[in-house]
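S.K.: quick one, fold the following:
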Amino acid sequence: MDALTTNSAETDPNRGWFTPPERETDSHQRTADGGESDIPSRSPAAIRPVGRAAARKQRAQQQADQQEQAQEQEQTGHQADQPPDGHAPPQEAAPILAPEPAPAPMPEPAPPLPASQAAPASTASPDALLIRRTMAEVAPVADRTTGYFYALLFIRHPELRELFPAAMDAQRDRILKALLTAAEHIDDTETLVEYLTNLGRGHRKYGTQPEHYPAVGEALIGALSRYAAAVWDPLTEAAWVRAYTVISQVMIDAAAADERHAPPWWQAEIVSHEPRTQDIAVVTVRPDQPYPFLAGQYTSLETPWWPRVWRHYSFASAPRSDGLLSFHVKAVPAGWVSNALVHRARPGDVIRLGPPAGSMVVDHTTDSGLLCVGGGTGIAPIKALVEDVVEHGRKRSVEVFYGARHDHDLYDLDTMLRMQEEHSWLSVRPVVADTPSSSLSGPLPDIVRQYGPWEAYDAYLSGPAGMIRSSMDALVGGGMPSHRIRHDALEELVAAGD
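M.R.: Model prediction:
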């Protein structure tokens, strides 16, 4: 697939690398109904070029070195990242915010990379090869790269610190990981645009503005050039600049489009808090204005007790006529948001919701059966999908496998069994992994495979990342095409670790 590329620095010497090119759609964007809109596409503001003001840059790097050392000392007593709350999809990056470095020499054809590092020349663009070579170089020192990245960002642009959580332990590597993920997939236009569109929409809730994006691009180039020095050259820098120009513009455009019809966040009052186990609660909220979403999607939540700390949770029902939204939350060790929602939240408390996201939705244009595999609180979106099939009134075979470690962890089994009694096309099979049980026993992916083949079904997977990976392996190994397997988990859009 053709890569998204931008060559404004090559075609116009007056434009900086991180100033996206003017496009035909900039002056008149099309609205949802097909008409014309006078709202212009917003572009990142120009900032000081990378490479200029050498004395200032040296001072900033010295300060960054000192801050990086302090962060490393602090990390000896703290986890670098908190575990994700519940079965959540990938943690969304904190605000991704593009420098405009001074023009470098005109890019030339990229030199061939060593065979061990380069992707096949027939499938990867020169920029993609250079980007992947950089990523391979920084992989062994990823933590140091991340620390230096934040040090540069906050020293050069201290005004951006307030956009991030007060405690950075759980946030530390997400922004850089999201940037690297997007850059790595610069040749995969469809995946990249979908990924960045969700990020751009989601970042509105942080207060991110177009003028913030240059700062992160500047810090990104600074961190990569330091820790990938062995492979860093003008061609590599130009490749990263072009990639980040595309990344930032897609996100800015997505945010601008979303701004025309949706708020950056929704206030939602908790109207019901139902404990199911010692560490699981069903939380139901009433948004302050209509909240459109599809069954199988998820959103991000922020509690009043942990400002600017957001976590993902799937909707536990299809859209309801009363507008209420429900979530299944499991308190995990050191999970700030999950513990607050399970053990502290009460009716009357107000939380904030980000926009809906996710592609694990039912295709109602086909009659294929649904194979639904839910582990732990991953049963929440599975329940929503079943309700969605019910509401559409088409009798499609739906096979649900509900897995947990112990019998008492099957907290929503009664609900699922009642739905089975009401609908002859629905089959619900509880699976317990570790202990003897009246339910099926054994690893959930193995049990699912035993009940195959599943060639006539579309698969929907929700739960811990490890369960999703092993379930995918089992289904693909059993003959199911990978494009018929849907999930919103850690690896939905990327090969490794929003």
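
S.K.: the residue nearest to residue 227 when sequence neighbours are not counted: neighbour count?
M.R.: Nearest residue to residue 227 in three dimensions, chain neighbours excluded: residue 145, at 4.5 Å (Cβ to Cβ, 6 or more residues apart in numbering). Bear in mind the C-beta positions are built from the backbone N, C-alpha and C, glycine included. The local packing of residue 145 (other Cβ atoms under 10 Å) involves 22 other residues.

S.K.: next: residue 483.
M.R.: So residue 483, with other Cβ under 10 Å, has 7 neighbours.

S.K.: try residue 139
M.R.: 12.

S.K.: longest helix in the chain, please.
M.R.: The single longest helix within the chain, with elements called by DSSP state H, is helix 234-259.

S.K.: isn't residue 301 up against residue 352?
M.R.: Yes. Taking contacts as Cβ atoms under 8 Å, residue 301 lies within contact range of residue 352: 7.1 Å.

S.K.: can you list the buried residues in the longest helix of the chain?
M.R.: 235-258 (16 or more other Cβ atoms under 10 Å).

S.K.: what's the answer for stretch 440-448, then?
M.R.: Quick answer for stretch 440-448 (16+ other Cβ under 10 Å): 440, 443, 444, 445, 447, 448.

S.K.: same question, stretch 194-212
M.R.: 194-206, 208-210, 212.

S.K.: what segments of the protein are helices?
M.R.: Counting by DSSP H, the segments of the chain that form helices are 8-11, 24-27, 54-75, 126-138, 142-156, 174-184, 189-202, 213-227, 234-259, 336-339, 379-392, 413-422, 444-450, 465-477.

S.K.: out of those, the one nearest residue 273 is which?
M.R.: helix 336-339 (13.5 Å; Cβ to Cβ).

S.K.: kindly export the closest one (C-alpha atoms) in PDB.
M.R.: Extracted in PDB, the C-alpha atoms of helix 336-339 (Å, rounded to 0.1, in the frame of the first residue of the first chain):
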ATOM      1  CA  TRP A 336      -5.400   4.100  40.200                       C
ATOM      2  CA  VAL A 337      -8.600   4.500  38.200                       C
ATOM      3  CA  SER A 338      -9.900   0.900  38.600                       C
ATOM      4  CA  ASN A 339      -9.500   1.000  42.400                       C
END
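
S.K.: which elements pack onto it?
M.R.: strand 310-314 (3 or more Cβ pairs under 8 Å, 6 or more residues apart in numbering; DSSP states H and E).

S.K.: now the strand it packs on: buried residues?
M.R.: Here strand 310-314 shows 310, 311, 312, 313, 314 as buried, counting by 16+ other Cβ under 10 Å.

S.K.: can you check stretch 222-230 too?
M.R.: Going by 16+ other Cβ under 10 Å, stretch 222-230 has these buried residues: 222, 223, 224, 225, 226, 227, 228.

S.K.: ok, the first one touching residue 152?
M.R.: Think residue 222. Yes. Taking Cβ under 8 Å as the definition, residue 222 is a contact partner of residue 152 at 4.8 Å.

S.K.: format the helices of the chain as TSV; extra columns: distance to residue 283.
M.R.: Formatted as TSV, these follow (distance: least, Cβ to Cβ, whole Å):
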stretch	distance to residue 283
helix 8-11	47
helix 24-27	41
helix 54-75	33
helix 126-138	39
helix 142-156	32
helix 174-184	24
helix 189-202	20
helix 213-227	33
helix 234-259	25
helix 336-339	10
helix 379-392	11
helix 413-422	16
helix 444-450	25
helix 465-477	23
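
S.K.: distance of the closest residue to residue 268 other than its chain neighbours from residue 316?
M.R.: Leaving aside its chain neighbours, residue 268 sits nearest to residue 285 (3.9 Å; criterion: Cβ to Cβ, 6+ apart). Remark: distance between residue 285 and residue 316 (Cβ to Cβ, to the nearest Å) = 11 Å.

S.K.: now the common contact residues for the two.
M.R.: Shared contacts of residue 285 and residue 316, defined by Cβ atoms under 8 Å, 6 or more residues apart in numbering, are found at 326, 327.

S.K.: returning to that earlier point: I'd say the residue nearest to residue 227 and residue 229 touch.
M.R.: No. Applying Cβ under 8 Å, one finds residue 145 not in contact with residue 229, separated by 11.4 Å.

S.K.: does residue 347 touch residue 281 like I think?
M.R.: No. The criterion here is Cβ under 8 Å, and residue 347 misses it with residue 281 at 11.9 Å.

S.K.: which residues do the two both contact?
M.R.: Common neighbours of residue 347 and residue 281 (Cβ under 8 Å, 6+ apart) are residue 273.

S.K.: neighbour-wise, which of these two wins?
M.R.: Ranked by neighbour count (other Cβ under 10 Å), residue 347 and residue 281 place residue 281 first, with 22 against 12.

S.K.: and that one, what's its pLDDT?
M.R.: As predicted, residue 281 sits at a pLDDT of 97.

S.K.: which residues does it contact?
M.R.: Residue 281 makes contacts with 273, 274, 275, 328, 329, 341, 342, 345, as judged by Cβ under 8 Å, 6+ apart.

S.K.: any quick PyMOL command for the buried ones out of these?
M.R.: Buried residues within the contacts of residue 281, by 16+ other Cβ under 10 Å, are selected in PyMOL with:
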select buried, resi 273+328+329+341+342+345
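
S.K.: backbone torsions only: list them for the closest residue in space to residue 392 that isn't next to it in sequence.
M.R.: Spatial nearest neighbour of residue 392, excluding adjacent residues (Cβ to Cβ, 6+ apart): residue 364 at 5.5 Å. Residue 364 has phi and psi values of phi -90, psi 10 when expressed as degrees, to the nearest 10.

S.K.: give me the below-cutoff pLDDT ranges for the protein.
M.R.: 1-122, 166-176, 436-437, 489-498 (pLDDT under 70).

S.K.: biggest strand in it, by residue count?
M.R.: strand 266-275 (DSSP state E).

S.K.: name the residues of that one that are buried.
M.R.: So strand 266-275, judged by 16+ other Cβ under 10 Å, has buried residues 266, 268, 270, 273.

S.K.: repeat for stretch 281-299
M.R.: Those would be 281-286, 291, 293-299, for stretch 281-299 by 16+ other Cβ under 10 Å.

S.K.: ditto for stretch 425-433
M.R.: 426, 428, 429, 430, 431, 432, 433.

S.K.: equivalent analysis for stretch 448-459, please.
M.R.: Neighbour-count burial for stretch 448-459, counted by 16+ other Cβ under 10 Å, picks out 448, 449, 452, 454, 457, 458, 459.

S.K.: what's the answer for stretch 381-394, then?
M.R.: Neighbour-count burial for stretch 381-394 [16+ other Cβ under 10 Å]: 381, 382, 383, 384, 385, 386, 387, 388, 389, 390.

S.K.: all set, thanks.
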